[in-house]
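In: here is my input; please provide its structure:
(chains A and B)
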Amino acid sequence: MPPIRFREAQRRIIEEYSGGLMGISAVPGSGKTFTLSYLAARLVQELAREYVPYEREVLIVTFANAAVNSFKSKIAEILQRERRLLPYVGYRVRTLHGLAHDIVRERPGLVGLAEDFQIVDERIAAAIVRDIVHSHLPAWSSLMDDYLSNTLQPAQRQRVERRDFPEYLVQICERFIKHAKDHLLQPIDLQEKFEDAGPEYNLVRFAIDVYIDYQRSLAFRGAVDFDDLVRLAIEGLQLDPQYLARLQERWPYILEDEAQDSSRLQEDMLRLLTGSQNWVRVGDPNQAINTTFTTASPHYLVRFLEDKHVLSRPLPNSGRSGQPIINMANELVRWAVNNHPSLELRDAFYEQDILPAEPDDPQPNPLDQETTIHIHHQPGQNVTPQQEIEMVVRNLARWLPDNKDKTVAVLVPENNRGFKLVEELRREGIPYEELLRSTTEARTAASYLRSVLLYLAAPNDAGVLARLYREVWWPLTMGPDAEFDLAVPVQVISRQRYLENLIWPAEEFDLADALSLPGEPAIVQNISEFIGYVRRWLEALALPIDQLILTVSQDIFTRPPDIALSYKIAVLLRSMAANNPGWRLKDFAEELRSITENQRKFIGFDDATEGFEPTPGVVTVATMHAAKGLEWDRVYLMAVNNYGFPSLQPEDTYVGERWFVRDHLNLEAEVLSMAFSENKLPEGRASQVLREEYAEERLRLLYVAITRARKELIITWNMGRYWDRGIINHLANPTLYLQEWLKGAT
Amino acid sequence: MARFIEGPAGAGKTSLAITQVMDWLRAGVPANQILILVPQRTLGIPYFKALNDSEVSNAASVQIATLGGLARQALSQYWGRVASHIVPNWDGREPVFLTIETAQYYMAQFVEPSLQAGYFDGVSVERSRIVAQTLDNLSKAAINAFPLDEVVERLTAAWVGHSTRPRVYRAAIDIAGKFQAYCRENLLLDFSLQVEFYMNILLKDEIYAGNLRETYRYLIADNLEEDFPVMLDFVDWLWPSLDDACLVYDTDAGYRIFLGASPELAYQFKQRCDQVDMLDKLVSHNPATTELGTALGNAFGETPQVPELPHLEESFEIAFSSFYPEMIDRAVNKVVELVGQGVSPHEIVILAPFLGDSLRFTIFDRLQAAGIPFVSHRPSRAIRDEPVARAMLALIALAYPGTPVKPNKTDVAHAFVQLIDGLDPIRAELLVQIAYRPNQDELGSFDAITQTMQQRITYRVGERYEKLRQRLIEFRQNASEIPPDYFMQSMFDFAAQPGYRFHVNLEAGRIVSELIESARNFRAVVNPDNPETDVNNWTDVAHRYAQLVGDGVLAALHFASWQDEYFKDAVFVAPAYTFLMRNRFVDYQFWLDIGSGAWAERLDQPLTHPYVLHRAYPKATMWTDEMEAAAQQERLRKLILGLVRRCRKHVYLGFADLGEQGFEQRGPLLKIFNHILQAYGNAADSIS
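Out: Predicted coordinates for the structure are as follows:
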């Protein structure tokens, strides 16, 4: 195998780092994962040379599960192939929550947990909060008078009081609880602080009441939520210095990836664990896209990079995009820093240029002539959301046949837009893969199991049985190459009046006759096998839910990730059953629906198939957030309008501001400010600050999205959902500028 | 004359002790003068087998007991002498011995109000765990002979963390105190009171003590390292009156520390023995597994590094899988391969640090598919998970009026499928949709449904259903007079007739008898034939019982599964510690999930502490992380050396990158093997 060639900036990091604090500011496409993986592998090897009774590890902390898998496999490959070491030992890659889980899991008693404590996921946590909010609300109805807009019509107000405002309060309380935990504040701390507060703090006091009950409700379940994990890990490290010292010894080197998304707690935890010794922080302040409503901020990284005790080793070169795309990204930064119409947004970016790779680089930039940029916008033009989708799909349908060897993505600002696009692609028969909320695999496995449960819950319903055949049995056993038409068996099954005669005939009978399919032996054979499995599943009905799921999954899945996912689903449903003894099959099916419909983040297996690699000729549909770290030859950016990318202009509207709340207040921002800010702000100020933070983050999101493209970048926009009500969005301000700039540049 | 036999597992200690018993018997010692004490019943099996198979007359009547068994037997027999110490004006009431389940049932009544009042807000533990840990504190106090206050003092002094915790300890102990006071008053004897009364009242009672000392002149105490302090106190108490004794001590063991075992205190008996037999040669010697023991010893720094271990590679292999079910499949495939090569299933064990229901089910499913017999220890199998048990619960709800929670249609359909031969789930659903209305008291008659539907369900099934319905109606009329155990017995007899499933389902008999037994215990506890407890209506008792089973409080199926394991030619599937405590030797061991941290970690219980609540632990001493880490390492060392010493041929290690919950697994056991691979082998080649 030829030796790997590093760029000089990479080599200085990989080969020369010998301990201490190091800060790496890495531009998009500069090989950050590659560099960090090689550095990690080198350090693993060095540690392995020394004998200590308990092995020491290099700890890599990153932001998203997907990155965990790609780091893990990359380091494993280097260790095994290039350094002849065991592939998965000597290092640990974790997200912040994963690391916190490890720390708490090792000493649960220290922070008041049993050894088998449960972690409730976001959906369950939300359901608990919802129940509590609804039970407390009658005693706090004055909140409605405090905050509802007085322009509401009586009927509107009634609906808002019944439905919209309580739901908003659920969201506010979820946010409040999360923030309290980020500030390491227990319910009792807040209760004491606001005991004598005036009526203007009622919303805070309401949220504290919900927080108290929420924590008690978790305690009854022997459970914690994700935010508790981090809070408890820090608490544990602070409580027991010996434990901290042991972990410091275990992890002599800590490499932190995506440090621009580091939160205060993450910084605190890593500062504790490193003892400010051997800590390498890598990130790009210009790609901080997870900061709104969190304590995360790129300023932590910037401060670290500028600290005189920190060795700065930037990675400025990128071979990813063609020069025109690089220029455009650099221009966006320059414009925002110097000329953004809102002064508040001028520090959204850290001023640094992306430099192209050297000409002899192993990964050179695409040539200028291969690179194109198109912003689809004419002054005065109106594009509805549906028209935008149709236009992109039409464009893809034209382009794909001649470019099957190229990778392509459509990036959307939020999931719902992606789902709509996917529907259209499906309708047009264009191959696609999704990187939306949970992986397709998790959803397929869960949706298959759900179909089975739905039938088992209604075993006499021929329609549901036919659906089971169509949605599960057919794709598993036949698929598109089948020798007969799916419609025939589906129709035959759904026509059956007496299913017991088909599945458990009281007397011997001929299936072909019973199905009225005498001349179709292949279909009869297929249905006969299907019936055999259905009987088996019906016989397993009396088993506890986990065993039922395991039995079914054993029959329908063959791929290890599917089986592993079903195993995890089985364990998850079992714990649900323990907490909800009255649950029946349809309740479990409902849980599975939430996985299939993306309402639930499914921990552990988010990206079971390791890091995502786009398939040439297949359209990737992803949110701009999920696209971070990835690249495609051709990239479409959709819905780039002033709603998704506001600029603090008078005509801008903001996600999260409710029409029924007076004075455009963002109550989430207001309540957090009242509860957690050191200084009391006048009403409305916190909502404004949040707008500023959000607009900054969206600018950076645009930068991230632009830098995903290697050769072709296409930007489109639409007028927004409410154009027919007169609320018309326009192309986002920065893009308007970039369009003008492009004209000048060409 | 007393003898102390020590050595590692497999050195022949128990065999030597058995020889000692036989020698005594042959020398004319009457069998009833010999007492064999073991820490748990399964450890008495080698004695039981040897004495039963012995040609020496009367050998089988040698008493093999645990201290708990001895105490319970004596308290029943000598109750009159004990009771007056407890209740000043004892009126002749008999004691009720609480099982773990019934003790939990009572304790739960005390825990609930404190929980609601927020006394436990500093910890995040399910209520059933709070109940269990509070009972555990009581047991710990009893087996160490601590007053309850000392439990709080020790826990508080040991605690390094947040200041709220001592308050929680205090709350837990206050509850324990209330529970104990209630039990004393009502003569309900949980384990802690049984031990306390036995040690503090009976052993000080002249008549009982005199009888006991006169009866037992010869003592064998095996696995002394696994015994708790008061058991050692008992040996100490009996010591002066013994004519001969033989104490057996495993130098590597002490696995039951979390249950109160006290190896250090036990070892002090060595000084009092005249003869010490040090057995350090293993009886069955295999160079490969011996070398594995050596390599592991090296890894723990226990023994000096050995430069070469030529047979080591033959002793183990690691199967590396990405996913958990893959790991299980690979292990089972290997078992199938071994059995195909002629290995007896009895010589194979599959071990995991924990054996959850899903894991056990998956292993069983695979083994069953391969036609390989298996047995398991069933620590956490809730009886409510058994379809037959759920059918019984549904029947109780149908037979006893006024059930607080009506069974839903699915439950009733499942119950009918379990009971009526020839009824499939689809027809059961049809039947239930028509015949069962949760808001009506009685099931509808088959005769009343339409002819088409009757034909669909079939007349044969209809006839059987009708008989069952009639039976339930009859019961319902007299339900208040029938205790739930009688009811279940009677339903079992009914369903054991031809035409019903228990006729052919032999497993059902085992499960129903387990239920009947637990219902009987429960009944005895809530209605101990006491005129003050006015239970002349069994309806409420039956519903409470069903609730208890439904809530999963009745956890275990106890039915002699340990006997199956010994006498069946079957693969044994168990948690690693359970296997160790069986003290068995096998040719092949499978260790699943070697990446799991649970191989080293103890059960971490926020309200109690196995090391601190221990007589040998110095009072008023903080339990530090260093101590915790050292204890973990020691646990892991003992566990894996204990396992390897019980393995004659080969250890198969199963590793899954992502564990059961989907999290990456990198526990200390994996790292130990990584060290061994780096020190002695080609790491890359040892993985498959």
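
In: residues of the stretch 351-500 of chain A that sit close to chain B?
Out: A:457, A:459-460, A:498-500 (CB under 8 Å from any CB of the partner chain). C-beta: built from backbone N, CA, C; applies to glycine.

In: restricted to helices, list these.
Out: Among those, the members falling in helices are A:457, A:499-500 (criterion: DSSP state H).

In: before we move on, the earlier item: what's the farthest-apart pair in the residues of the stretch 351-500 of chain A next to chain B?
Out: Put simply, by CB to CB the two of those set farthest apart are A:Ala457 and A:Tyr498, 18.9 Å from each other.

In: and which of the ones in helices among the residues of the stretch 351-500 of chain A next to chain B is nearest to chain B?
Out: Closest approach to chain B among those (CB to the nearest CB): A:Glu500, at 4.4 Å.

In: can you give me the pLDDT of that closest one?
Out: A:Glu500 is assigned 92 on the pLDDT scale.

In: try B:Asp529
Out: At B:Asp529, pLDDT is 53.

In: and for the one 10 residues further on?
Out: In this model, B:Thr539 is scored at 88, pLDDT.

In: wait, A:Val282 touches A:Leu255, no?
Out: Yes. Using CB atoms under 8 Å, A:Val282 makes contact with A:Leu255 at a distance of 7.1 Å.

In: find residues that contact each of these two.
Out: A:Leu36 (CB atoms under 8 Å, 6 or more residues apart in numbering or on different chains).

In: the strands in the stretch 151-300 of chain A, which residues?
Out: A:223-224, A:253-256, A:279-283 (DSSP state E, counting those that start in this stretch).

In: could you chop chain B up by domain?
Out: B:2-74+B:205-278, B:80-196, B:287-381+B:561-686, B:384-550 (automatic domain parsing).

In: give the rounded mean pLDDT of the second one.
Out: It stands for domain B:80-196. So the average pLDDT for domain B:80-196 ends up being 89.

In: check whether that domain contacts chain A.
Out: Yes. Contact of domain B:80-196 with chain A (CB under 8 Å from any CB) involves B:115, B:118, B:120-127, B:129, B:160-162, B:165, B:168.

In: related to what we said a few turns ago, which one, of the domains of chain B, ends up nearest to A:Gln381?
Out: domain B:287-381+B:561-686 (47.8 Å).

In: distance between that closest one and the chain's centre?
Out: The chain centre lies 19 Å from the centre of domain B:287-381+B:561-686; the measure is CA atoms, centre = their mean, to the nearest Å.

In: poorly predicted segments of the chain, please.
Out: Looking at chain A here, since you left the chain open. A:1-2, A:50-55, A:436-443, A:479-482, A:595-611, A:745-746 (pLDDT under 70).

In: actually it's chain B I care about, not the one you picked
Out: Using pLDDT under 70, chain B drops low at B:162, B:283-284, B:302-306, B:377-382, B:506-507, B:527-536, B:552-568, B:604, B:681-688.

In: now with 50?
Out: B:379-380, B:530-534, B:557-562, B:683-684 (pLDDT under 50).

In: find the closest residue to chain A in chain B.
Out: For chain B, CB to the nearest CB, closest residue to chain A: B:Gly662, 2.1 Å.

In: measure that residue to A:Pro581 for me?
Out: Separation of B:Gly662 from A:Pro581 (CB to CB, to the nearest Å) stands at 25 Å.

In: the two: who's more crowded?
Out: B:Gly662 (20 against 12; other CB atoms under 10 Å in any protein chain shown).

In: go ahead and confirm that one touches A:Ala564.
Out: Yes. Counting by CB under 8 Å, A:Ala564 is a contact partner of B:Gly662 at 7.4 Å.

In: which residues of the stretch 101-250 of chain A fall in helices?
Out: For the stretch 101-250 of chain A, the helices defined by DSSP state H, counting those that start in this stretch cover A:122-136, A:142-147, A:154-159, A:165-182, A:187-193, A:202-220, A:226-239, A:241-250.

In: buried sites along the third one?
Out: Of the residues in helix A:154-159, those with enough neighbours to count as buried (16 or more other CB atoms under 10 Å in any protein chain shown) are A:Arg157.

In: which of the residues of the stretch 351-500 of chain A next to chain B has the largest number of neighbours?
Out: Result: A:Pro459 is most packed of those (other CB under 10 Å), 24 neighbours.

In: number of nearby residues for the nearest residue to that residue once chain neighbours are set aside?
Out: Closest residue to A:Pro459 apart from its sequence neighbours, by CB to CB, 6 or more residues apart in numbering or on different chains: B:Ile426 at 4.9 Å. Counted with other CB under 10 Å, the neighbours of B:Ile426 add up to 24.

In: please apply the same query to the one 3 residues further on.
Out: The burial metric for B:Glu429, expressed as a neighbour count using other CB under 10 Å, is 26.

In: okay, and it sits in which element?
Out: Using DSSP states H and E, B:Glu429 sits within helix B:425-435.

In: check B:Ile640 too.
Out: Taking DSSP H and E as the criterion, B:Ile640 maps to helix B:625-645.

In: equivalent analysis for B:Arg469, please.
Out: helix B:459-478.

In: other SSEs contacting that helix?
Out: helix B:387-399, helix B:409-419, helix B:425-435, helix B:484-495 (3 or more CB pairs under 8 Å, 6 or more residues apart in numbering or on different chains; DSSP states H and E).

In: tell me the angle of it relative to helix B:387-399?
Out: 60 degrees (axes from the mean of the first three to the mean of the last three CA atoms, to 10 degrees).

In: quick check: B:Asp202 vs B:Phe234, distance?
Out: To be clear, residue B:202 is Leu; Asp isn't right here. Applying CB to CB to B:Leu202 and B:Phe234 gives a distance of 11 Å.

In: what of A:His97?
Out: From A:His97 to B:Phe234 the distance is 50 Å (CB to CB).

In: looking at these two, which is more packed in?
Out: B:Phe234 (22 against 17).

In: secondary structure class of that one, three-state.
Out: helix (DSSP: H, G, I helix; E, B strand; the rest coil).

In: let me see the contact set for it.
Out: B:37, B:67, B:199, B:203.

In: which residues touch stretch A:334-345?
Out: A:346-349, A:351, A:647-649, A:692, A:695-696, A:699, A:733-734, A:737-738, A:741.

In: count the neighbours of A:Thr444 for me.
Out: Residues near A:Thr444, counting by other CB under 10 Å: 16.

In: need the three-state assignment for it.
Out: Going by three-state DSSP: A:Thr444 is helix.

In: please name the nearest non-neighbouring residue to it.
Out: Nearest non-adjacent residue to A:Thr444 (CB to CB, 6+ apart): A:Asp562, at 7.7 Å.

In: confirm that neighbour sits in a helix?
Out: Yes. Assessed by three-state DSSP, A:Asp562 belongs to a helix.

In: which residues of the stretch 51-200 of chain A lie near chain B?
Out: A:51, A:53-55, A:57, A:72, A:80, A:84-86, A:88-90, A:92, A:98, A:101, A:105-115, A:117.

In: kindly recompute the last result at 6 Å.
Out: A:53, A:55, A:86, A:89, A:108-110, A:112-115 (CB under 6 Å from any CB of the partner chain).

In: B:His609 in helix, strand or coil?
Out: In three-state terms, and counting by three-state DSSP, B:His609 is coil.

In: what is the burial count for it?
Out: Other residues close to B:His609 by other CB under 10 Å number 25.
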